[in-house]
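A.B. asks: Here you go, sequence then predicted model.
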Amino acid sequence: MSAHIINGKEIAKEIYAEMSDKIKTLKEQGIVPHLSVVLVGEDPASKVYVGMKQKKADQIGLSSKTIHLPENTVEENLLGIIDELNNDDSVHGILVQLPLPKHISEPNVIKAICPDKDVDGFHPVNRGKLVSGEETFLPCTPSGIQQLLIRSGYSPERKHVVVIGRSGIVGMPFAIMMMQKKKEANATVTICHTGTRDIASFSRQADIVIVAAGRPNTLTADMVKAGAVVIDVGTNRVDDPAAKRGYRLVGDADFDGLLEKTAAITPVPGGVGPMTIAMLMVNTVKAATPI
Ligand code: GUN
């Protein structure tokens with residue numbers, strides 16, 4: 001048996017097709033959803049992600065602009081730029097690419113973004129709404145994973161979902177979403193992290209494993225039960241002199257080893273990544289839609 005390889009690019013395309021009428025209707029009302037992306041510094045992976053976000057926004061007819069600031073930008077200046085974007089009515093969504101340089105406080109920056117424009121769903125007001133089960137901007141990677149599962153026929157409802165990684169961007173919000181008493185969630189959730197003594201003893205009980213640890217080979221075939229579904233959130237660069245760029249991208253899961261044991265698995269690249277971008281576009285359109 002070889003696993004179903006879940007195609008994130010195809011599922012993202014479905015989502016763009018569903019969005020196109022909404023974007024058209026907004027344009028007829030004179031509204032072009034606008035996303036402002038702020039990038040500080042020269043982190044190569046961040047530059048690639050921001051470029052992909054900008055490109056996709058342009059492709060689907062949204063307006064977007066990337067503000068690229070130098071590495072040595074002081075926090076006060078960044079907060080000033082966010083304030084300008086908050087007060088600009090033509091800007092519907094604001095995204096500050098993380099991680100930020102160490103001298104800038106991420107919580108301060110996230111708190112400065114107007115919650116109504118916080119298309120990442122990271123502002124404490126939006127996090128609070130998420131925890132309370134209220135309508136809000138769902139963080140892009142977690143909601144992308146949820147859509148990936150549902151649309152490929154692996155609903156998390158009543159399943160045991162084990163999340164490896166507790167980051168504020170992926171693991172923590174995804175776990176909160178999955179345990180809610182809602183359609184397309186309602187799962188039993190276990191969160192494993194660097195403080196967990198024996199991750200395999202938990203992941204072997206999972207129907208669905210989400211691995212978002214930021215480390216290659218965090219999940220191997222001996223750590224899952226036969227027929228599990230594996231969602232790999234990792235994007236790690238590993239040196240590869242044979243590759244054109246001198247490196248290749250690998251996930252957090254041992255893809256080849258897991259192929260024979262799992263029912264379904266996401267590839268890296270082409271799994272979760274395209275879904276994160278699709279959900280960012282969904283959130284930007286939502287931010288631009290008058291209530
Ligand atoms: N860095 C990695 N993932 C994300 C994300 O979803 N949003 C932001 N702002 N930064 C990130």
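C.D. replies: Arrived safely, thanks for sending.

A.B. asks: okay, CA-based contacts and neighbour counts for the rest of this
C.D. replies: Fine.

A.B. asks: Does residue 183 touch residue 157 like I think?
C.D. replies: Yes. At 7.2 Å, residue 183 and residue 157 qualify as touching, with contact defined as CA atoms under 8 Å.

A.B. asks: between the two, which one's more packed in?
C.D. replies: For residue 183 versus residue 157, the count of surrounding residues by other CA atoms under 10 Å is larger for residue 157: 19 against 11.

A.B. asks: Regarding residue 172, what is its secondary structure?
C.D. replies: What DSSP: H, G, I helix; E, B strand; the rest coil gives for residue 172 is helix.

A.B. asks: who's in contact with it?
C.D. replies: 165-166 (CA atoms under 8 Å, 6 or more residues apart in numbering).

A.B. asks: Next one: it from residue 157, what distance?
C.D. replies: 18 Å (CA to CA, to the nearest Å).

A.B. asks: do the same with residue 169
C.D. replies: Taking CA to CA as the measure, residue 169 falls 22 Å from residue 157.

A.B. asks: cool, residue 256 as well?
C.D. replies: Applying CA to CA to residue 256 and residue 157 gives a distance of 28 Å.

A.B. asks: for residue 108, same thing?
C.D. replies: Taking CA to CA, one finds residue 108 at 36 Å from residue 157.

A.B. asks: And for residue 82?
C.D. replies: Counting by CA to CA, the gap from residue 82 to residue 157 is 39 Å.

A.B. asks: State the number of residues packed around residue 21.
C.D. replies: There are 11 residues near residue 21, going by other CA under 10 Å.

A.B. asks: cool, and residue 251?
C.D. replies: When neighbours are counted by other CA under 10 Å, residue 251 comes out with 27.

A.B. asks: same thing with residue 243?
C.D. replies: Here the count is done by other CA under 10 Å, and residue 243 has 9 residues near it.

A.B. asks: tell me the SS of it?
C.D. replies: coil.

A.B. asks: I'd like the distance between it and the ligand.
C.D. replies: 24 Å (CA to the nearest ligand atom, to the nearest Å).

A.B. asks: OK, contacts around that residue?
C.D. replies: Per CA under 8 Å, 6+ apart, neighbours of residue 243: none.

A.B. asks: Return the residues of the stretch 51-200 of the chain in contact with the ligand.
C.D. replies: Contact residues, the stretch 51-200 of the chain versus the ligand (CA under 6 Å from any ligand atom): 95-98, 120, 140-141.

A.B. asks: so which residue of the stretch 151-291 of the chain comes closest to the ligand?
C.D. replies: Of all residues in the stretch 151-291 of the chain, residue 169 sits closest to the ligand, at 6.1 Å by CA to the nearest ligand atom.

A.B. asks: Wait, a helix at that residue?
C.D. replies: No. Counting by three-state DSSP, one finds residue 169 to be coil, located in no helix.

A.B. asks: I'd say it and residue 139 touch.
C.D. replies: Yes. With contact defined as CA under 8 Å, residue 169 counts as touching residue 139 (7.1 Å).
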